[in-house]
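Chemist: Here's my sequence, what's the structure:
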Amino acid sequence: MRKPAASICIFLLVAAAGSCAPRRGPSLPSRPAPAPIAGLDLVGEFDIPPLTTLDGLKPARFGGISGLAVDPTTKEFLGICDDRQDSRIFVFRARPPLSPFRVELRSYFPLPSGPGAPEGLDPEGIAISSAGEIFVASEGIQNHEPRVPPAIVEYSNRVDYVRRLTIPSKFIPPATGPITQGVRDNASLESLTLTPDGQHLYTAAEAALAQDGELADWKQGTIARILEFEQVGGTFEPRREFAYPVDRLPKPDFTPGFFINGLVELVALGDSEFLSMERGYAEEPGGTGRSKNWLRIFRISLEGASEISKLDSIAGARVTPVRKTLLLDLSTVKGLSPQLANLDNFEGMQFGPVLPDGARTLLVVSDDNFSARQRTAFLLFRIRE
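Modeler: Numbers count the residues shown, from 1 in each chain. Next up, the predicted model:
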């Protein structure tokens, strides 16, 4: 069992745990678009042990953090938990590395259902508007029949269920039988981000839709679809789509029984520029315990990319994908603790707290899969402008 990289400071607001009381004050103005990012430098590491339980009105196991968003009023971080049985959001406070960097787990609250809500959630991405509305991306449930389709779900700033957004039919797999179109199992909507002006919401399939092509392996990459929503009449409607080229997996030094590489997070920098996160994983069969994780962060641009929303399939089509530039390969980062030598299941990222010298940061988090062998690890990076 790994030891934490820093002493653990967990403060629980028990009275708030499990509560859906109003959490926010007046709306804040939209964020200005950040300046260009030249690189990322590791500042600090902090992790929370596995199988932590939060006491409160309803005890909840901690873990499964798959995406991050910043509450515009409190500046606290909301972490979406990908527990299908009890969908919930954890509240964190991340403090700059004064003595040293640490993350405080504050509380949690459940995600309610409502008329027209999905029959089940597998929450993977989260975004918050300047007025406090919460949007959650769900992968759906594709490994049993009838399948639950992927969804983008909206909640009010009082955390009441509002609606689910319309998802184009090309993303929806059939309810039963072979998946011949739409998202694949465990390769669905993982990411979610709002543009700084709040007018556009973006998500993406983790890997190619079934009709678009094959999954990535160590011989070839895959093409995922980015899906744009535009604010219209108080809600968001699907608009443009873009091809995103996912890299091939590096070849591990064992023969994998299971492997995946896909697009798991987006963070909007402006109207057409984003940070993207690609996460890869390979595992040896037979319970040997040998596995390998990969994590890469890119800067991407939609400028010049083909708009493909009219194409039900891009297999064999000539399309120009989004441009991407590598910012960080986590396997090359120096200063990580020995516990992260093999990395972990990193899935979420968001702009972090401002450093004492005014520098911006990027906060990256791993999903522990509710496993005793993994941890929820937070990495803080200084942004080089």
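Chemist: what's the next secondary structure element after the worst-scoring helix or strand of the chain on mean pLDDT?
Modeler: With mean pLDDT, DSSP states H and E as the measure, the helix or strand of the chain carrying the lowest mean pLDDT is strand 53-54 (a mean of 76). Downstream of strand 53-54, the next assigned helix or strand under DSSP states H and E is strand 60-61.
Chemist: who does that next one touch, helix- and strand-wise?
Modeler: If you count contacts as 3 or more CB pairs under 8 Å, 6 or more residues apart in numbering; DSSP states H and E, strand 60-61 packs onto strand 53-54. Glycine gets a C-beta too; all of them are placed from N, C-alpha and C.
Chemist: The strand it packs on pairs with which strands?
Modeler: Using DSSP bridges, strand 53-54 pairs in its sheet with strand 60-61 (antiparallel).
Chemist: Residues contacting the strand it pairs with, please?
Modeler: Residues from elsewhere that reach strand 60-61 (CB atoms under 8 Å, 6 or more residues apart in numbering): 17, 18, 51, 52, 53, 54, 83, 86, 88, 108, 370.
Chemist: Heading C-terminal from it, find the next helix or strand.
Modeler: Counting by DSSP H and E, the next helix or strand C-terminal to strand 60-61 is strand 65-70.
Chemist: next SSE after that following strand?
Modeler: Using DSSP H and E, the helix or strand that follows strand 65-70 in sequence is strand 77-81.
Chemist: other SSEs contacting that next one?
Modeler: strand 65-70, strand 88-95, strand 123-128, strand 346-351.
Chemist: Could I get the average pLDDT for stretch 78-85?
Modeler: What stretch 78-85 shows for mean pLDDT is 95.
Chemist: Endpoint to endpoint, that stretch covers what distance?
Modeler: 19 Å (CA to CA, to the nearest Å).
Chemist: ditto for stretch 213-224
Modeler: Note: stretch 213-224 ends 9 Å apart using CA to CA.
Chemist: ok now it, how far from the chain's centre?
Modeler: Distance of stretch 213-224 from the chain centroid (CA atoms, centre = their mean, to the nearest Å) equals 20 Å.
Chemist: ok so, going back, and the least confident helix or strand of the chain, how far out from the chain's middle?
Modeler: Chain-centre distance of strand 53-54: 22 Å, with CA atoms, centre = their mean.
Chemist: same check, this time on stretch 88-103
Modeler: Per CA atoms, centre = their mean, the centroid offset for stretch 88-103 relative to its chain is 18 Å.
Chemist: Show me the contact partners of it.
Modeler: Under CB under 8 Å, 6+ apart, the answer for stretch 88-103 is 6-7, 9, 13, 16, 43-46, 48, 60, 62, 65, 71, 76-81, 104-111, 126, 134, 352-356, 361, 363, 378, 380.
Chemist: now swap in stretch 296-305 and tell me
Modeler: So stretch 296-305 is contacted by 37, 40, 226, 242-244, 247, 269, 272-278, 320-330, 349, 362, 364 (CB under 8 Å, 6+ apart).
Chemist: If anything else comes up later, I'll come back, but that's it for now.
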